[in-house]
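>>> Here is my input, please return the structure:
(one chain, ligands or ions: 1)
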Amino acid sequence: RLPSDCPPDVERLGRHTWTFLHTTASYFPPSPSPHQKQSMLGLLRALPTLYPCGVCATHLGGYMQANPPERAVDQGREALEKWLCGVHNEVNERLGKDRFDCDNVPQRWRDGWKDGHCEP
Ligand code: FAD
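Presented below is the predicted three-dimensional model:
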């Protein structure tokens, strides 16, 4: 069996969840429809209730109360990418990790790095 067959710990769950969330934000339409906005808000608002790491969920809920996602979702892809980058950077700082440069989100999560090192 591979380690990836085992239940995820907080770190692996986190890495995979960030992959899903950042990638989803990077493919969110620049001009979302009302239905797409509502769906994205539903996804984000569910996380503090459902995310299966209690400490993480509690911190996230506090962050989202202070920094609600509504305006970013309303403005579309770029604003949502930035908002989510801010969420992740708050966690990075709390865990003693480097902040990520939010200008690099599209290269990291959708377009690939400009130096081409993500090319197959
Ligand atoms: P990760 O932090 O998982 O990052 C993965 C990749 O994302 C990085 O390699 C980098 O390329 C990119 N990245 C990094 N920062 C950003 C950014 N700001 N914007 C865009 N891309 C970025 N763990 C805890 O111990 N305590 C917590 O309270 C906690 N809360 C969490 C809350 C949420 C909502 C999530 C999804 C995860 C949480 N985690 C928490 C897990 C933690 O954030 C990491 O996922 C985990 O520690 C593994 O870290 P990592 O160094 O492998 O990279």
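>>> Where does this structure get nearest to the ligand, residue-wise?
Checking the chain residue by residue against the ligand with C-beta to the nearest ligand atom singles out residue 14 as nearest, at 2.3 Å. Backbone N, C-alpha and C define where each C-beta goes, glycine included.
>>> Show the average pLDDT along stretch 22-31.
Mean pLDDT, stretch 22-31: 98.
>>> Hmm, I typed the wrong one, I wanted stretch 82-102.
Summarised as a single mean, pLDDT over stretch 82-102 is 98.
>>> So that stretch, near the ligand or not?
Yes. Under the criterion of C-beta under 6 Å from any ligand atom, the ligand is reached by stretch 82-102 at 85, 88-89, 91-92, 95, 97, 100.
>>> Report how many residues lie close to the closest residue to residue 119 other than its chain neighbours.
With sequence-adjacent residues excluded and distances taken as C-beta to C-beta, 6 or more residues apart in numbering, residue 119 is closest to residue 112, at 6.9 Å. The local packing of residue 112 (other C-beta atoms under 10 Å) involves 14 other residues.
>>> now do the one 5 residues further on
By other C-beta under 10 Å, 7 other residues sit near residue 117.
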